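>>> structure for the following, please:
(2 chains)
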Amino acid sequence: MKRVYLRRATRKIALSDSSKFNAMSLVRIAPLSRFDALITDAAPPPDIAAALAEAGVAVDVARAVG
Amino acid sequence: MTKPGAQAIALDVGATTYWLAGLLAERRRAKIFTNRLRIAARLGEGRDEVYLLGGRLRGDEMSVSGPSAVEQFEALWFDVAFLGVSGSRPRASLIIPSTTRR
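A predicted model of the protein is given here:
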């Protein structure tokens, strides 16, 4: 289903809480290049941030709401 | 055809995407497309248009998948797709095209 969502959407946004960064290996960031942006709750570590920038994925750090 | 301000959103079954679905509850004019039963139930009340795809139910995720669900999605176009991302792989559960910005 993931591929269908990605194929049929104009804008593709990834959501991830910062606890997932530890498990987000650089190899696994490659599929994220299909996304336009990643929304998360804390700035990613430098290596992850660099990889996302390389992949052209904008990173938005959301503020807590409620 | 994407109208100004329209959005398409895909949400995972995880806490992050379910939480986002809560934020979208106030966008009552948005058209909701999802294969997640819980998200459809959460957003369905008080909303004009919620579309739940049909297919095989995965009990562990309470999500619909399979060839029929894929086929239905292939016939649609979404303004924005929000996908939950785990450490292992990106996954999708909800797509929300909205036609009106509030």
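>>> now the helices for the chain?
In the absence of a named chain, this looks at chain A. A:2-7, A:26-29, A:46-54 (DSSP state H).
>>> chain B was what I was after
Using DSSP H, helices in chain B cover B:15-23, B:37-44, B:67-74.
>>> residue contacts, the residue most central in space within chain A?
What sits nearest the mean C-alpha location of chain A, by Cα atoms, centre = their mean, is A:L38, with 3.3 Å. Contacts for A:L38 (Cβ atoms under 8 Å, 6 or more residues apart in numbering or on different chains) come out as A:I13, A:A14, A:L15, A:S16, A:L32, A:P44, A:L52, A:V57, A:A58, A:V59, A:D60, B:V85. For the C-beta atoms, the positions are set from N, CA and C on the backbone; glycine is no exception.
>>> cool, and A:A53?
Contacts for A:A53 (Cβ under 8 Å, 6+ apart) come out as A:V59.
>>> what of A:P45?
Here A:P45 is in contact with A:F21 (Cβ under 8 Å, 6+ apart).
>>> measure it to A:F35 for me?
Relative to A:F35, A:P45 is positioned 18 Å away (Cβ to Cβ, to the nearest Å).
>>> just for chain B, where's the confidence low?
In the predicted model of chain B, residues B:1-15, B:47-48, B:86-102 satisfy pLDDT under 70.
>>> mind giving me a markdown table with the helices of chain B and columns for mean neighbour count and distance to A:A9?
As requested, those are exported to a markdown table (neighbours: other Cβ atoms under 10 Å in any protein chain shown; distance: least, Cβ to Cβ, whole Å):
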| stretch | mean neighbour count | distance to A:A9 |
| --- | --- | --- |
| helix B:15-23 | 18 | 14 |
| helix B:37-44 | 19 | 16 |
| helix B:67-74 | 15 | 10 |
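>>> export those to TSV and append columns for distance to A:L6.
Converted to TSV, those look like this (distance: least, Cβ to Cβ, whole Å):
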stretch	distance to A:L6
helix B:15-23	15
helix B:37-44	18
helix B:67-74	11
